[in-house]
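# pasting the sequence and the predicted model now:
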Amino acid sequence: MTGVRFDRPLRILQVIEATLGGAGRNVIDLAEGMAARGHQVTLVWSAERADGPFLAGLRQLGGRVETVELSMRPDLHPGDRRDLAALRAIIAASGPLDVLHLHGSKAGLLGLLAARRQRIRARVYTPHGLATLDPDRGMIGRITAGLRERLLAARATRIIAVSEDERVHAREYLKIDRRRLERVANGIAPPEPVTRAQARTELGLPQDALVVGFVGRLVAEKGADRLP
């Protein structure tokens, strides 16, 4: 959003259930960046899957961003009705909102249901990896996930794909309206560079060893086992 100007600060509500890994890092960066631009930012988050880096980032936000913990669960859960009511109250208290940004399918489902009949200028949904891209889902699981993602996309004004592959998949496999799709790659603050020798020394690796690197969490959904 560099170079974009607004006639007043925006009211932005970010909601995330799956706070671990890159999604959590992205939300912290967005909240911090929007607050630095003078916007009023509220972050609703769940501790259910929060990892250390996310919690550290949350503390670093300090008082610049209002944070609200909500006990959202990854899958359908009896507590969803309570969380839905709480999120509806948060949206009403934070409004009138300019932007509602929902991260992940669970936050997307609860957030878009809670936002019904609310006057919100932009309802943004970022899946952070469409469920239909999960290589471990069977046919039934993929069909169910596809129906859910189409439902969420129909209720959002914008769907953010974090890669070109995800955008193409959303358009061609899920048949999501291309006018609602945007590709926005996640950015990072790069660490200070080190030499090859320094990196190997810090990691305790021999200087002449063959080393294969992987950037990302070592979990099944990343598909590291499919690398050639």
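Looks like it arrived, so ask away.
# going forward, measure contacts and count neighbours with C-alpha atoms only.
Fine.
# and Leu130, how far from Ala145?
Counting by Cα to Cα, to the nearest Å, the gap from Leu130 to Ala145 is 8 Å.
# hey, what's in contact with both of the two?
With contacts taken as Cα atoms under 8 Å, 6 or more residues apart in numbering, Leu130 and Ala145 have no neighbour in common.
# mind listing what the residue nearest the centre of the chain touches?
Centroid check for the chain by Cα atoms, centre = their mean gives His103 as the closest residue, at 3.6 Å. His103 is in contact with 14-18, 23, 27, 125-128, counting by Cα under 8 Å, 6+ apart.
# closest to Ser163 out of the residues you listed?
Closest to Ser163 out of these is His128 (9.4 Å), distances taken as Cα to Cα.
# in which helix or strand would I find that closest one?
For His128, there is no host helix or strand (DSSP states H and E).
# check Ala145 too.
helix 139-155.
# what's the average pLDDT for that helix?
Rounded to a whole number, the mean pLDDT of helix 139-155 is 90.
# buried residues in whatever helix or strand comes next after it?
Using DSSP H and E, the next helix or strand after helix 139-155 towards the C-terminus is strand 158-161. Across strand 158-161, burial judged by 16 or more other Cα atoms under 10 Å covers 158-161.
# okay if I get those residues as TSV plus pLDDT and distance to Asp177?
Converted to TSV, the buried residues of strand 158-161 look like this (pLDDT from 0 to 100; distance: Cα to Cα, whole Å):
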residue	pLDDT	distance to Asp177
Arg158	95	10
Ile159	95	10
Ile160	95	12
Ala161	94	13
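# would you format the residues you listed as TSV with distance to Arg82 included?
Conversion of these to TSV gives the following (distance: Cα to Cα, whole Å):
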residue	distance to Arg82
Arg158	27
Ile159	26
Ile160	28
Ala161	30
